[in-house]
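Peer 1: What shape does this take:
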Amino acid sequence: MAEPLIQIHRDGPLAVIRLNRPDALNALSRALVKDLTGAVRELSEDTDLRAIVLTGNGRAFSVGVDLKEMSQADNVAGQFDWHGADNLFAVARACPKPIITAVNGYAITGGLELALMGDFLIASEAAVFADTHARVGITPSWGMTQILPRLVGINRARQMSLTGEFVSADKALHWGLVNEVVAADALLDRALDLAGQIASTDATTMGRIRGLISDGEGLPLDQAMSKETQVFDEHIAQVSASDVAVGRDRATARGRQMADAKRKD
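Peer 2: Numbering: from 1, shown residues only. Okay, the predicted model is just below:
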């Protein structure tokens, strides 16, 4: 029996999705994209789940679209049925669970776009990033030209996308493409630690904050501030004194955990 293209591991309120075509550097075949879309959709509907970690097996996160598969297609355009409400980008962006992308190796072109679908990225020291759309001869369709400049700035995005130059994990950290760089053997543990911190928050408040950040990204500051005020007014009207006490206890417990961990270090 063939190995599944996507592996899902559940640990309480957390889930890890692994791309599982290591021999092909997790190239995005049509079958893999279909299975990954289904996995994200399924986890999106799981009411017990709080956060997702997305990573790859082997030495690559993903090198992007499966060019070998595409080069053998009768209709290249037909390979790209990834638009509309059911495409992977739309499903991932609509996922109500935060997605942490743990980049374990190469994240190239469509693989980088896939990584950018997460709420934020962490990377191993072995991670390498590049946008080679211009070299391959296919324009982006998963947001590279829009999301990358928002993260690293327009000039750095131009440098990456117009040259196809590879970017190291350290440079990606300096540029703001990734939040953290950790040792390869610590990557998944750190991603799960962050996911666990998300799972320990108040789900409703976290979801509203996440939504405000996403919604405000493309708005002028005054409109984004008005949206924040509106959501605050709607939320605070539903908060009781006992809710505040529970939140205080949650924050205090977390603070003690962090202090204890710091003392052990």
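
Peer 1: Doesn't Gly111 lie inside a helix?
Peer 2: Yes. Under DSSP: H, G, I helix; E, B strand; the rest coil, Gly111 sits within a helix.

Peer 1: so how far is Leu36 from it?
Peer 2: According to C-beta to C-beta, to the nearest Å, Gly111 stands 12 Å off from Leu36. Every C-beta, even on glycine, is put in place using the N, C-alpha and C of the backbone.

Peer 1: same check, this time on Asp249
Peer 2: 38 Å.

Peer 1: Between the two, which has more neighbouring residues?
Peer 2: Leu36 (21 against 10; other C-beta atoms under 10 Å).

Peer 1: Let me see the contact set for that one.
Peer 2: Neighbouring residues of Leu36 by C-beta atoms under 8 Å, 6 or more residues apart in numbering: Leu5, Ile6, Ile17, Leu19, Leu88.

Peer 1: Which members of the residues you listed are positioned in strands?
Peer 2: Judged by DSSP state E, those include Ile6, Ile17, Leu19 as members of strands.

Peer 1: ok, which stretches of the stretch 151-265 of the chain are strands?
Peer 2: 167-168, 180-182 (DSSP state E, counting those that start in this stretch).

Peer 1: What strands line up against the shortest one, and which way round?
Peer 2: Pairing partners of strand 167-168, with direction, according to DSSP bridges: strand 128-130 (antiparallel).

Peer 1: and what of the longest one?
Peer 2: Listed by DSSP bridges, the sheet partners of strand 180-182 and their directions read strand 120-124 (parallel).

Peer 1: For the strand it pairs with, buried residues please.
Peer 2: Buried residues in strand 120-124, counted by 16 or more other C-beta atoms under 10 Å: Leu121, Ile122, Ala123, Ser124.

Peer 1: returning to that earlier point: looking at the strands of the stretch 151-265 of the chain, spot the one closest to Asp243.
Peer 2: Closest to Asp243 of these is strand 180-182 (C-beta to C-beta; 32.0 Å).

Peer 1: Go ahead and name everything in contact with the closest one.
Peer 2: If you take C-beta under 8 Å, 6+ apart as the criterion, strand 180-182 is touched by Ile122, Ala123, Ser124, Glu125, Ala127, Ala169, Asp170, Ala172, Leu173, Arg190.

Peer 1: in it, what counts as buried?
Peer 2: Counting neighbours by 16+ other C-beta under 10 Å, strand 180-182 gives Val181, Val182 as buried.

Peer 1: again with stretch 235-244
Peer 2: In stretch 235-244, counting by 16+ other C-beta under 10 Å, buried: nothing.

Peer 1: Ok, stretch 14-22 next?
Peer 2: For stretch 14-22, the neighbour count (16+ other C-beta under 10 Å) marks Leu14, Ala15, Val16, Ile17, Arg18, Leu19, Asn20, Arg21 as buried.

Peer 1: Take those residues and lay them out in CSV including pLDDT and distance to Leu67.
Peer 2: Below are the buried residues of stretch 14-22 laid out as CSV (pLDDT from 0 to 100; distance: C-beta to C-beta, whole Å):
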residue, pLDDT, distance to Leu67
Leu14, 98, 33
Ala15, 98, 30
Val16, 98, 27
Ile17, 98, 23
Arg18, 98, 22
Leu19, 98, 16
Asn20, 98, 19
Arg21, 96, 13
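
Peer 1: With respect to Leu162, which of these is nearest?
Peer 2: Out of the buried residues of stretch 14-22, the member with the shortest distance to Leu162 (by C-beta to C-beta) is Leu19, at 27.4 Å.

Peer 1: Next up, the contacts around Arg150.
Peer 2: Taking C-beta under 8 Å, 6+ apart, one finds Glu217 in contact with Arg150.
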